[in-house]
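here is my input; please provide its structure:
(2 chains)
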Number of protein chains: 2
Amino acid sequence: MPRISSRARSFPDSPIRKLAPLADAARMRGIHVHGLNIGQPDIPTPPEFLEALRGYDAKVLAYGRSEGEPELREAFADYYRQAGLTVAPGEIVVTAGGSEALLFAMQIVAEPGDEILCFEPFYTNYSAFARMSGVTLKALPTEAAEGFHLPAEAAIRAALTPRTKAILLCSPNNPTGTVLTAGELDLVARLAEEHGLFVIGDEVYREFVYEGRHTSVLAIPGLERRAILVDSVSKRYSACGARIGCLVSRHPDVVAAAIRFAQGRLCPPVAEQRAATAVARLGLGFFDPIREEYRRRRDAAFEGLQAIPGVHCLKPAGAFYLMAELPVSDAEAFSRWLLTDFQKDGETVMLAAGPGFYADGSGARGRSQARLAYVLEVPKLARAMACLAEAVEAYAAVRVV
Amino acid sequence: MPRISSRARSFPDSPIRKLAPLADAARMRGIHVHGLNIGQPDIPTPPEFLEALRGYDAKVLAYGRSEGEPELREAFADYYRQAGLTVAPGEIVVTAGGSEALLFAMQIVAEPGDEILCFEPFYTNYSAFARMSGVTLKALPTEAAEGFHLPAEAAIRAALTPRTKAILLCSPNNPTGTVLTAGELDLVARLAEEHGLFVIGDEVYREFVYEGRHTSVLAIPGLERRAILVDSVSKRYSACGARIGCLVSRHPDVVAAAIRFAQGRLCPPVAEQRAATAVARLGLGFFDPIREEYRRRRDAAFEGLQAIPGVHCLKPAGAFYLMAELPVSDAEAFSRWLLTDFQKDGETVMLAAGPGFYADGSGARGRSQARLAYVLEVPKLARAMACLAEAVEAYAAVRVV
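Residues are numbered from 1 along each chain as shown, chains lettered A, B, ... in the order given. So this is what the prediction gives:
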């Protein structure tokens, strides 16, 4: 049998998805699994989206434009205008989800062997795209005690090398929920200018802000040509399965390169682009009630966690995640045990263990942490938190025995 | 302004798509452009596909499984069973078109710096995926005079190096229409066994065979674990805009790695997977009338080309492309001229120039060739061929002046 490449052998399992078989087995045993592991909102996809999809009326589902359908690029530009960001349709390249935008961005800014600086814990799939691109993700730690805000300027400066080509930011953050301040973005802009770097801003949770306000990388003076925005309709419109995102840049070479990459894979899904066009035209007010719903969920999840002895976390300002410190020595083993050995009244909880959100991945960092996505209705979240409370207690007893 | 990476700067324009702005401009001038440049069938997408898409009834368009929906993997396995190939659903990973399957396959078999052997002219986007993977595509020439069949064994053997990790075949071939014989596949299998190689089979035109029969890489003894099949619903079901394909392998490490890569980008488009499931269950007979339609088109395109003085091509056995030798010194300049300076009764023709289908790309090879996709109805094809005949004559006169 021929041997697969070492990059394929060492490619990491998704910490968010790898326990899925255990969850399936638990469900087969009749247990209700509260899925807090994955950022899959339960909010209904807007009827405008589903109606546009169901109304797809072409006789031939033909290839679309590689850079995305003109109507969708215009609708996205309108949406950004409402969000206070001036972007031309020609500066927007439609991608297969934010995922593909991240892959393109990394390959556009960095040569194989180059470095991209990011801050851990980080969205686990950054590692996947960096590996596919031969790029080294250099991760500076952020600390729970500091609300996972950026490290001090000196620490960031010390981490930059001649091979650093970009700083990758995620705000509102997955997995921590932290929203970067305008001051933090100004600092990053200053360093980027000094060192000739790009700044990649993953802002797919832009609307999910409960305290303070969100600042986009596209809004920062000094980053006009340096900023590459990664965005997605998945979370905003609860349309994760559509696979529609975009890459936005005011740097003509970045856009031209993204379009060449896009030509390689022909086009994003066509029918979903029509649907995404319909929802991109809904305007920002559409999101207000959804934001309030998530604020209630955040409060419920946070209060539930606060009530569990030994669990620590800060109240996050945005996104729909909490990175919690659990009173266990190995959050991954605990997450497995939740699915294989625990139930409370026929229910259990599925978490994403912390180590997968750190560059090292071995568990040297984040070993007792887990990410919780508060994507369930408040009553369900309350039940999930009650489950978790009982599980933490039961697990301590098991460990003692 | 920061500088983009050299891999992004040197990333090739698609020879199939780069003339699109000129075609748009011609259409703005009221000229009808016969699009023979791109493999976009005009055959209606099966109603079963569109009805399933329009019937998408979930309230939340949620993430699907990274490896693809179980129903679609089963439907694909059924389809392969009917095609005489025994494949388990668990050996199939659903991808965003054949494009993504090619990207995954290259990264799974080869380390950055490794080589994949292929045969030119080849599907131009192989270069794109190889660049994204840091893999060197080593291309052995095939010759029009030999019907673009594989070179002699000695030539293939001489091209293999210690860094060669796979042989990439496309049959029925894009851009030549050549269908490899079982004997050719046996030769490749023997070399793969001797040298410990994978064989990647791009078979997205499997049903488009007009003479002889198609042999899959999955049907060749010796390739049981070495074969990686790349497939797509785009051409078979005229659903290019759906972005649904798959990677198939009986090598457990290949499948496991493909699923890890797939987890990185979360999932393929979900609603289209339901639609693809519906058409995958149509059975092979569904394709019989479509094959006959394409056979008529092939004959019309071939006869039209035969009638043009100085144009040479062989009658292809499969796919829906012809690689024609034109009586021009620079087929790319000719292709541009067709869109900017020519019309016959308000019509012109769009071609894909030859050099983009060769690894070198500079025009050292394929300079006077062009690929024609016979994806139009016979009367339209006849008009397109009449256009081309007049254009060839007019262009010769222009050049003389």
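
what about the nearest residue to A:Pro121 once chain neighbours are set aside, distance to chain B?
Excluding the flanking residues, the one nearest A:Pro121 by CB to CB, 6 or more residues apart in numbering or on different chains is A:Phe357, at 3.6 Å. C-beta coordinates here come from the backbone N, C-alpha and C atoms, glycine included. A:Phe357 is 14 Å from chain B, where distance means CB to the nearest CB, to the nearest Å.

likewise A:Ile38?
For A:Ile38 relative to chain B (CB to the nearest CB), the value is 7 Å.

A:Leu197 now?
6 Å.

and the gap between the residue nearest to the spatial centre of chain A and chain B?
The centroid of chain A falls nearest to A:Asn174 when counting by CA atoms, centre = their mean (4.6 Å). For A:Asn174, the distance to chain B equals 13 Å [CB to the nearest CB].

so that residue sits in a helix?
No. Using DSSP: H, G, I helix; E, B strand; the rest coil, the assignment for A:Asn174 is coil, not a helix.

would you confirm that it contacts A:Val230?
No. Counting by CB atoms under 8 Å, A:Asn174 does not reach A:Val230; the two are 11.8 Å apart.

got any residues that touch both of these two?
A:202, A:204 (CB atoms under 8 Å, 6 or more residues apart in numbering or on different chains).

could you name the helices and strands sitting against the longest helix along chain A?
Looking across chain A with DSSP state H, the single longest helix is helix A:378-400. Judged by 3 or more CB pairs under 8 Å, 6 or more residues apart in numbering or on different chains; DSSP states H and E, the packing partners of helix A:378-400 are strand A:32-35, helix A:288-306, helix A:331-340, strand A:347-350.

tell me who's in contact with the residue nearest to A:Pro121.
A:15, A:120-124, A:175, A:323, A:366, A:369, A:371.

what parts of the stretch 251-400 of chain A come near chain B?
Contact residues, the stretch 251-400 of chain A versus chain B (CB under 8 Å from any CB of the partner chain): A:251, A:253-254, A:257, A:260-261, A:263-272.

and those residues, which is closest to B:Ile38?
When those are ranked by distance to B:Ile38 (CB to CB), A:Leu266 comes first, at 9.2 Å.

which element is the closest one on?
A:Leu266 is part of no helix or strand, with elements assigned from DSSP states H and E.

isn't it right up against B:Leu102?
No. Counting by CB under 8 Å, A:Leu266 stays clear of B:Leu102, with 11.3 Å between them.

sorry, back to before: next one, pLDDT for the residue nearest to the centre of chain A please.
You'll see A:Asn174 listed with a pLDDT of 97.

the one 4 residues further on now?
The confidence metric pLDDT takes the value 98 at A:Thr178.

please report how far the spatially closest residue to it that is not a sequence neighbour lies from chain B.
For A:Thr178, ignoring the flanking residues on the chain, the nearest one in space by CB to CB, 6+ apart is A:Phe148 at 4.3 Å. From A:Phe148 across to chain B, the span is 23 Å (CB to the nearest CB).

which residues are in contact with A:Ala382?
Taking CB under 8 Å, 6+ apart, one finds A:300, A:304 in contact with A:Ala382.

can you give me the strands for chain A?
With DSSP state E as the criterion, chain A has strands at A:32-35, A:92-95, A:115-120, A:136-141, A:164-170, A:198-202, A:227-232, A:245-249, A:321-325, A:347-350, A:352-353, A:369-373.

partner strands of the longest one and their direction?
On the basis of DSSP bridges, the sheet neighbours of strand A:164-170 come out as strand A:115-120 (parallel), strand A:198-202 (parallel).

can you say which of those strands is packed in most?
With neighbours taken as mean count of other CB atoms under 10 Å in any protein chain shown, the strands paired with strand A:164-170 reach their highest mean count in strand A:198-202, at a mean of 27.

using PDB, list the CA coordinates for that one.
What follows is strand A:198-202, C-alpha atoms only, in PDB (Å, rounded to 0.1, in the frame of the first residue of the first chain):
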ATOM      1  CA  PHE A 198      -1.000  42.400   5.800                       C
ATOM      2  CA  VAL A 199      -3.700  42.200   8.400                       C
ATOM      3  CA  ILE A 200      -6.300  39.400   7.900                       C
ATOM      4  CA  GLY A 201      -9.500  40.100   9.800                       C
ATOM      5  CA  ASP A 202     -11.800  37.200  10.300                       C
END
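
got the angle for that strand vs strand A:245-249?
Here strand A:198-202 runs at an angle of 150 degrees relative to strand A:245-249 (axes from the mean of the first three to the mean of the last three CA atoms, to 10 degrees).

list of residues touching strand A:198-202?
A:98, A:102, A:105-106, A:109, A:116, A:123, A:165-171, A:174, A:188-189, A:192, A:216-218, A:223, A:226-230, A:254, B:2.

between it and strand A:227-232, how many degrees?
20 degrees.

quick revisit: can you lay out the contacts of A:Phe357 as JSON lines showing distance to B:Ser10?
As requested, the contacts of A:Phe357 are exported to JSON lines (distance: CB to CB, whole Å):
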{"residue": "A:Pro15", "distance to B:Ser10": "35"}
{"residue": "A:Glu120", "distance to B:Ser10": "32"}
{"residue": "A:Pro121", "distance to B:Ser10": "35"}
{"residue": "A:Phe122", "distance to B:Ser10": "29"}
{"residue": "A:Tyr123", "distance to B:Ser10": "29"}
{"residue": "A:Thr124", "distance to B:Ser10": "31"}
{"residue": "A:Pro175", "distance to B:Ser10": "36"}
{"residue": "A:Met323", "distance to B:Ser10": "40"}
{"residue": "A:Gly366", "distance to B:Ser10": "38"}
{"residue": "A:Gln369", "distance to B:Ser10": "42"}
{"residue": "A:Arg371", "distance to B:Ser10": "39"}
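
with adjacent residues omitted, what lies nearest to the residue of the stretch 301-401 of chain A found nearest chain B?
Here the stretch 301-401 of chain A gets closest to chain B at one residue, A:Val375, 10.2 Å apart by CB to the nearest CB. In this structure, A:Val375 finds its nearest non-sequential neighbour in A:Pro41, 5.0 Å apart by CB to CB, 6+ apart.

A:Phe320 is in contact with that neighbour, correct?
Yes. Between A:Pro41 and A:Phe320 there is a contact under CB under 8 Å: 7.3 Å.

find residues that contact each of the two.
Common neighbours of A:Pro41 and A:Phe320 (CB under 8 Å, 6+ apart) are A:235, A:375.

more crowded one of the two?
Legend: neighbour count by other CB atoms under 10 Å in any protein chain shown for A:Pro41 and A:Phe320, higher for A:Pro41 (25 against 22).

report pLDDT for that one.
Looking at A:Pro41, the pLDDT reads 89.

can you pull the contacts of it?
A:235, A:238, A:240, A:320, A:375, B:60.

in those residues, find the pair that's most separated.
The widest separation within the contacts of A:Pro41 (CB to CB) is 14.5 Å, between A:Phe320 and B:Val60.

number of nearby residues for A:Ser10?
10.

so who does it touch?
A:Arg131 are the contacts of A:Ser10 under CB under 8 Å, 6+ apart.

got the phi and psi for it?
Recorded main-chain torsions at A:Ser10 are phi -90, psi 0, according to degrees, to the nearest 10.

report pLDDT for it.
For A:Ser10, the predicted pLDDT is 90.

now do A:Ile38
At A:Ile38, pLDDT is 89.

quick check: it vs B:Ala20, distance?
38 Å (CB to CB, to the nearest Å).

same check on A:Asp288?
40 Å.

between those two, which is the more surrounded one?
Neighbours per residue, other CB under 10 Å: of A:Asp288 and B:Ala20, the larger number sits with B:Ala20, 18 against 10.

quick one: pLDDT of that one?
At B:Ala20, pLDDT is 88.

list the contacts for it?
A:Arg65.

A:Gly39: neighbouring residues, count only.
Neighbour number of A:Gly39 under other CB under 10 Å is 24.
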